[in-house]
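[1] sharing a model prediction with you, sequence too.
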There are 4 protein chains.
Amino acid sequence: MNKVAVIGLGYWGPNLVRNFHQVAGPRLAVICDRDPRRLEAIGRLYPWLERVQNPQEVFQRRDIQAVVLATPVSTHFPLAKAALEHGKCVLVEKPLTASLEQAEHLVDLAQRQGLVLMVDHVYVFHPAVEKIRQLVQGGQLGQVRFIDSVRINLGLVQSDVNVLWDLAPHDLSIVDYVLGRFPISVAAYGKAHVLPEVEDVAYLTLDYGQGLVANFHLNWLSPVKIRYTIFGGTQQSIVYNDLDPVEKVKVYSRGLSVHAQDVEGRRRLLVDYRTGDVWAPHLDKVEPLRRVVEHFLHCIDHQEVPLTDGMAALRVVKILQAAQESLKQDGQRIFLEPVQARCEQLRSPLARKEPVCPNDPKSLSAFRG
Amino acid sequence: MNKVAVIGLGYWGPNLVRNFHQVAGPRLAVICDRDPRRLEAIGRLYPWLERVQNPQEVFQRRDIQAVVLATPVSTHFPLAKAALEHGKCVLVEKPLTASLEQAEHLVDLAQRQGLVLMVDHVYVFHPAVEKIRQLVQGGQLGQVRFIDSVRINLGLVQSDVNVLWDLAPHDLSIVDYVLGRFPISVAAYGKAHVLPEVEDVAYLTLDYGQGLVANFHLNWLSPVKIRYTIFGGTQQSIVYNDLDPVEKVKVYSRGLSVHAQDVEGRRRLLVDYRTGDVWAPHLDKVEPLRRVVEHFLHCIDHQEVPLTDGMAALRVVKILQAAQESLKQDGQRIFLEPVQARCEQLRSPLARKEPVCPNDPKSLSAFRG
Amino acid sequence: MNKVAVIGLGYWGPNLVRNFHQVAGPRLAVICDRDPRRLEAIGRLYPWLERVQNPQEVFQRRDIQAVVLATPVSTHFPLAKAALEHGKCVLVEKPLTASLEQAEHLVDLAQRQGLVLMVDHVYVFHPAVEKIRQLVQGGQLGQVRFIDSVRINLGLVQSDVNVLWDLAPHDLSIVDYVLGRFPISVAAYGKAHVLPEVEDVAYLTLDYGQGLVANFHLNWLSPVKIRYTIFGGTQQSIVYNDLDPVEKVKVYSRGLSVHAQDVEGRRRLLVDYRTGDVWAPHLDKVEPLRRVVEHFLHCIDHQEVPLTDGMAALRVVKILQAAQESLKQDGQRIFLEPVQARCEQLRSPLARKEPVCPNDPKSLSAFRG
Amino acid sequence: MNKVAVIGLGYWGPNLVRNFHQVAGPRLAVICDRDPRRLEAIGRLYPWLERVQNPQEVFQRRDIQAVVLATPVSTHFPLAKAALEHGKCVLVEKPLTASLEQAEHLVDLAQRQGLVLMVDHVYVFHPAVEKIRQLVQGGQLGQVRFIDSVRINLGLVQSDVNVLWDLAPHDLSIVDYVLGRFPISVAAYGKAHVLPEVEDVAYLTLDYGQGLVANFHLNWLSPVKIRYTIFGGTQQSIVYNDLDPVEKVKVYSRGLSVHAQDVEGRRRLLVDYRTGDVWAPHLDKVEPLRRVVEHFLHCIDHQEVPLTDGMAALRVVKILQAAQESLKQDGQRIFLEPVQARCEQLRSPLARKEPVCPNDPKSLSAFRG
C-alpha cells in the first residue's frame, strides 16, 4: 500500500535508489527502466527489488503509493501526469517539466487529487543553503545587492535540455529559497557548440528588483569545476563555495561606507574598507538527497506540503521558460509577471508569499477537508 | 629635451613615478598634481624631482618630451589633447578617454603630429597574458568557444567613472591582445548602489562571432577578491588566475568529444571526458608596469608604434561606449561596426588587422616621411 | 570452494564488503563481527550474505578460500594465524601485526603453506602513488634528497594502537613502494594527550642513506586535515597533495644550482632559481581499495605474489617497531638492520631487492613445487 | 646626535633602509657596505644618504646614535660589539649571534652600557602573531598540546649559516613570544646536499614540557613555498598560514572529547568530533618591519626595553646552539637548562618570566640609575 518505485536508472536514479533504500528499507519495492541493462546493473546491487521495464505497470500497481522520476526532462510531464492520475504521490527530478504550461497542469492536478507533488531541488536541502537562508532572512546581510554565481564544469551534454535547463534550476531554486523573491526580469545569452540547438554555454542575468541583480555563469565545457555563489549585502556578504570540503559558507563583515573627501583639489567620494572578520559556520554533514527523501516520505505520511512543492518547481520553470525565450532572442530582456498572480489564477490554497521552512510545513489537509 | 613628466599622483601615479625612476633615472624630471599635499608626499621620496601644480606649465616646457597622465578619466582628453598639441608624446592611464569621439580625436591628432600616443593597458604587458596570447595564436586551444571572466573586489568607488569603465578595460584589452578580434555585439546590465548613477556592479556579455561568447563579472562591492579568466577552446583550455602567486596560467588538456550512444533505449549523445594533464608554464617575474614604461620610452626613442597605441585604446573605448549605452537601456544588445571601417575613416596608416607583437613593432616613420 | 569472508565490520570493513561485492559478486559469501548490531547494520544492505559472529566458524568452513581481516590491530596476528593454519588466503588491514615477531611468523607460515598473504597498504594501489613511482624509478627526479610528509587530522583515537601505528604505515608503505629503499635509522618523538600511553601526536625522522632524509607529521588532534608528501629531487620535485580533487600530483622543474659569486666584497655562494614549469599528470579515477580487492583475488586465482605481500608488510612493521622503541626512549635514534638479511634468515624464495610492480608479479609456484 | 646608520645592503638591508626612510625621514643618515656596487645601487634611490664602506667609520661618528646590522651572521658579533663599545644602540638581524657565548657577551655589554640592544625577530611584530598571542594568552585555546610548523621554500643557500640558523629563528621567536615558554629539550636532524657542512634540510623537535611538543620542517630545497604553523589546543586550535593573503589566522573550535563506548562487543574509546565554526579575525595590514623600526626608535627615545631585546635573542640562540649540537650528533636529544638560571648568572635586571607586550614595556631607567 505504501510502497515506493524509482523510475529512471541513468545518472541520478541510482543515488535516489540508494537513499530510499537507506531511509525506507523495504518500502522501496520497485525499480523501473526501459533499458534492461540498467535494470540488471542496479538490480544486482539490490537483488530483492522488483524490476519493471514499463512505467505503466508501476502506475497500475495498487501497492505503489509514491513514484520517483529520474528520467529525461522531456518525459517528466507525461510520466508525472500519469502517476498523479493513478493516485500516486510524485517526486520529480529538476526541472519539474519542460514548459510552464506543463508545470501548471501538474500543480493543478496534484492539488485536485490531494497528492504530494515534490521536485528534487536538492540544494534547498543542503545544510549550506539552509544556513545562508537563516542568515539572509535574519537580516544579517542587510539588503542584498548582488548575487554572482558560477556553476561550470565538464558536464554531461544532453540532447533534450540545454545547459540552462540543466544547471540554472540549482541557482534559481537556491535564490528562491534563500530570498523568497521572484525576479522581475531575466535575460539569457548562450551558444551551442557541441550539439546543434543545444546551448552548452549560457549567461543568465536576473533583476530581482530593489537594486538586486544576479548573473550566473552556466557551462558544460569548462576545463575546471567551479561552483560558488556570492550574496553581496549592505552589512555583510556571503561566499558559498560548494567545492570547499570544510568551509563551504563564509560570512564576511567586509564592506564599504562612502564618504566625500577632497582629493587632489576635487571633491571625491572615497570608500572606507570595512575589513572585518571572516566566519565559517559549522554545517552538518548530511547528504542533501537523503533529506530530500526523508522529507518526501514525511510529507506523504503526514499529508504536508513539501518545501519544494509544485509551486516552487513552477516558479523555477517559469523563469527558465522566459530565459529560454530570451536565449532565442539573443539576450532580449523578458519581464516576468509576479508569480502570485499565477498562483491565484490556479486558485491554489498552497500559494504563499514566502517559502515554508522545513520545520514548519503547512498541512495539505486544509484543502482536502 | 627628452625629459618625462608624470601628471596625477593619486592611486596609480606613484607607481608610474617609481617605475620611470627605476627605468629612466634622471630622465624623469617633473611630477605634477593639483594637490600640494600629494606633491609633498611623493616628492619627499624623490627630493630631486621638480614639483609642479599646473599641468599647463608642464606642457609649455621645452625640455619635456613625454607626459604621463594618471589623472581622473574625465581629464584624460583635455590634458592629452593639450600635451599632443604642444608636441609631447603621451602615455595615458586606461581608459584612454571617456568617449569614442574623444579617442578618435586623440588618435587623429597624434597621427598628424607624428607623436607616440600610448595607453596603459597594463595587462597586455603581463607575462601571463603574453603566454596566453602565444598559446592561443599558436593554435594550441583550437577554436576558442567562450571566455568567462570574474574581476571583483572591494574597489575604489569613483565618482566620474562606473565599474564598467574602471574594470572592463582590463578584460577588453586582454581579449583584444590575445585574440586580435573585435566583438560584433555587447550587452551590459548593472546597478548603482553606492553613488547615484554610478554602477558599482555590472555584467558584460560580448559576442565575438564564430561561436565565441564572453561574459565578465565586474564588481566593486565583492567581499572577496577574485580575478580569473577562462579561455575555453575546442582542443585545450586556459585558466588564468591572476591571484595565484605561482601558477597563474594553467593549460588543461581536458575537454569533451561527443558521440551517440543508445542509453536506456534512447539515442543519447554522450560526452567523453578527455581528462588529460594540466600544465602551468613558467612565467617571468617582471612587473608589467615596468615593461609598459620601457616600451613607451623605446617607442619614443625609436619612433615606433606602441603595442597599446591609440587604436588599441580606441577599440576598447568603442566597446565601453556601446556597453554604457546598453547599460542605460537595461541590457539592450548593441551591435558594433567593425573597427576596421573606423580605422579607414581615420585614414590611419597605423590601421592593422591584428595586434602587433612587442618584438615586431611597425615604424612610425612611414607616415612621418 | 572459492568463497570470501570479511571479518570485522567497524570503520573500514564495510568498505571492503562493498568492494568485494562490486568486484566479486556472489563470491563474497560471509560477513563476520562479534557485535550483532554491526552484523545487522551491514547485513541489511546485503541481505543475501551469511552473518557469523565467531571467526572460528569462518575458518572451519570448507567453502571459504579467503579471509579478509578488518579487525583491531591486536587481533590481526591470532586471526591471521588461525586463518592460514586452516589453509585460507588472507588479506589483512594495515599494519599487518603489532610486532615484528608476529609479522615474521605470519610470513613464514604463509610461505610454508603456499598461501597468499597480503596487507592492505591501500596507497600502494593509488594511481597517484603509482605515477610517482614511475617518475622516481624513471629517474625524472634525479636523486631524491628529502621526503616531507604531513598526515594530520581529527582522527579516531584508538586504544590499542597509537597514531604512529595508525598513520605511519601509509607513509612508510608509500616510500617503500616508490623508492624501493629501506631506512638505515629511525627516530620518533610523540606525546599522549587523550589516552594514557597512546600517543596522539608523533614526529618520525628517517634516514634512508645517501643523503635522503624524511620527516613525517602524524597527528590525530589537528583541527585541519592535511595530507601531503613532498619528494625533493636534484632534478625535479613532486608534491603529492592527496586532498586536491584534481591535481593530486604536481611535478616541479624548480630547483637550484649553486655558483660562487663575489657579493659585498665576499665570496658568496648564490642559488640560481631554476623556476620551470609545473605539470600535473592525469590520474585515473579508480578507487584504490577496488584495486586492492582485484589484486588480492587475482593473486589467489593465479598463484601470484601480491605487490603488498607479507614481506612488504614486514618491512613496514619492522620500522614501526623500531620507531616505537625510539618513542619510548624519547627520540633515541634506532638503527635498522638491512631487511634483506631478515629475508634470508627466513629462507624466503619471495625475498627480493625491489618491490615487484603490479604488471610483473612473480609466481608463487616456484616454492610450491 | 640621533642619526641612524644601516650597515649591510644585501638582501634584507634595503628593506630596512626603506622603512627607516619612511618612518624616520632624515634621521637615517648613513648607509654602509663593503661593496661599492651595493652602495651605488641603493644610494641611487636615496641620493642624500651618506655612503660609507668601512663600518668603523660609522662607529666613530658622534652624530650616529643607532646602528642597524644587516650583515652576514658571522659578522654580527664583532660589529655589534664594536657598536655597543662606541656607545651606539644596535638593531641586529636574526639570529643575534652565531653562538650563545657571543649573545651573552652582547647582552651583558648592552646592559652595562645602558644601551638598547634589539634583534629583528620580525614575526613578533606581525599582526597575525600578535593576534595569536592574544588568543593563547587569553586562554582561548585551552592548553596547547602541539605546534607543527612548516617553513620551506627554494631559499638562499648561504655559506656561513645553515637552514637551521636561517629559518628556525622565525619559529622559535614566534613560540617564545606567543607562549612565553622555553623548551626543556631539542633534537635536530638534517642533511647538507648543496654545500658541504651546510645543512639545507633540517627537522627540529622540541619538548616544551607539560605535554607540549613541536616539530618544524625547515628546508631551502622545496619546490613549493609553504609557511604555516598550527597551535593545537585542548579547547580551540589555530592555523596560521602566512601565505594566505587574507585569512592568515584561522581559529577552529574543532576538537575532540573522548568517551568509552561498547563497539563490536569491545569497550572502545571513541572520539566525538567537536566540529564547530571557523573564525578568521581581521588583521591590520601593516608591514611588520615598519613596526620593528618604529619600536626600535621608540625604545631609544624613551629608554625602554625592546620587546625583542637581547634576552629574547639569547633565548633563541641558546636553542639554536643546542639544536646545532644535536644536528652534529645525528638527532641526539639535548636538554636545555632553564633560561632563567642563565639570566641570573648574568645578574640582569632585565630578566623576566614572560615576554613584555608592546603596550607594557619596562623601562631601562631602573638599572641606569
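    Good, I have the coordinates.
[2] ok, so what distance separates the closest residue to chain C within the stretch 51-200 of chain A from chain D?
    Across the stretch 51-200 of chain A, the shortest distance to chain C (C-beta to the nearest C-beta) belongs to A:Leu154, at 10.9 Å. Using the backbone N, CA and C atoms, a C-beta is placed for each residue, glycine as well. Distance, A:Leu154 to chain D, using C-beta to the nearest C-beta, to the nearest Å: 27 Å.
[3] for that residue, give me phi and psi.
    Taking degrees, to the nearest 10, you get phi -80, psi 100 for the backbone angles of A:Leu154.
[4] and it, how many neighbours does it have?
    22 (other C-beta atoms under 10 Å in any protein chain shown).
[5] bridged to it, which residues?
    With DSSP bridges as the criterion, the beta-bridge partners of A:Leu154 are A:Leu221.
[6] pLDDT at it, what is it?
    Note on A:Leu154: pLDDT of 89.
[7] got it, and A:Gly369?
    Per the predicted model, pLDDT is 28 at A:Gly369.
[8] cool, A:Pro361 as well?
    35.
[9] quick one on the thing from earlier: pretty sure the residue of the stretch 51-200 of chain A closest to chain C sits against B:Tyr273.
    Yes: counting by C-beta atoms under 8 Å, A:Leu154 does reach B:Tyr273; the two are 5.8 Å apart.
[10] need the overlap of contacts for these two.
    When contacts are counted by C-beta atoms under 8 Å, 6 or more residues apart in numbering or on different chains, A:Leu154 and B:Tyr273 have B:254, B:256 as shared neighbours.
[11] residue contacts, the closest residue to chain D within the stretch 101-250 of chain A?
    Across the stretch 101-250 of chain A, the shortest distance to chain D (C-beta to the nearest C-beta) belongs to A:Glu247, at 5.6 Å. By C-beta under 8 Å, 6+ apart, A:Glu247 lies in contact with A:241, A:280, D:278.
[12] mind running it again at 10 Å?
    Listed by C-beta atoms under 10 Å, 6 or more residues apart in numbering or on different chains, the contact partners of A:Glu247 are A:239, A:241, A:278-283, D:247, D:250, D:277-278, D:280.
[13] farthest pair within these?
    The most widely separated members of those are A:Leu283 and D:Glu247, with 17.8 Å between them, by C-beta to C-beta.
[14] got the residues of the stretch 151-300 of chain A near chain C?
    Residues of the stretch 151-300 of chain A found near chain C (C-beta under 10 Å from any C-beta of the partner chain) are A:223-225, A:243, A:245-246.
[15] which residue sits closest to A:Gln321, ignoring its sequence neighbours?
    A:Leu100 (4.7 Å; C-beta to C-beta, 6 or more residues apart in numbering or on different chains).
[16] separation between the one you found and chain B?
    22 Å.
[17] returning to what we had before: could the residues of the stretch 151-300 of chain A next to chain C go into a markdown table alongside secondary structure and pLDDT?
    Output for these, formatted as a markdown table (DSSP: H, G, I helix; E, B strand; the rest coil; pLDDT from 0 to 100):
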| residue | secondary structure | pLDDT |
| --- | --- | --- |
| A:Pro223 | strand | 93 |
| A:Val224 | strand | 93 |
| A:Lys225 | strand | 94 |
| A:Leu243 | coil | 95 |
| A:Pro245 | coil | 90 |
| A:Val246 | coil | 88 |
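[18] just those residues that are near chain B?
    A:223-224.
[19] distance check, A:Tyr252 against chain C.
    From A:Tyr252 over to chain C (counting by C-beta to the nearest C-beta), the distance is 20 Å.
[20] which secondary element of chain A has the worst mean pLDDT?
    helix A:365-368 (a mean of 32; mean pLDDT, DSSP states H and E).
[21] now do the contacts for A:His86.
    Going by C-beta under 10 Å, 6+ apart, A:His86 touches A:56, A:58-62, A:64, A:67, A:113, A:115.
[22] how close does it sit to chain D?
    With the distance defined as C-beta to the nearest C-beta, A:His86 ends up 45 Å from chain D.
[23] just A:His282 next, same as before
    5 Å.
[24] and for that residue, the neighbour number?
    Neighbours around A:His282, by other C-beta under 10 Å: 18.
[25] do the same with A:Gly139
    11.
[26] which residues sit in contact with it?
    A:Gly139 sits in contact with A:233, A:235-236, where contact means C-beta under 10 Å, 6+ apart.
[27] and what of A:Lys225?
    With C-beta under 10 Å, 6+ apart, A:Lys225 has these contacts: A:151-155, A:242-243, C:245-246.
[28] repeat for A:Ile300
    A:2, A:4, A:65-66, A:88-89, A:91, A:115-116, A:118, A:306, A:364 are the contacts of A:Ile300 under C-beta under 10 Å, 6+ apart.
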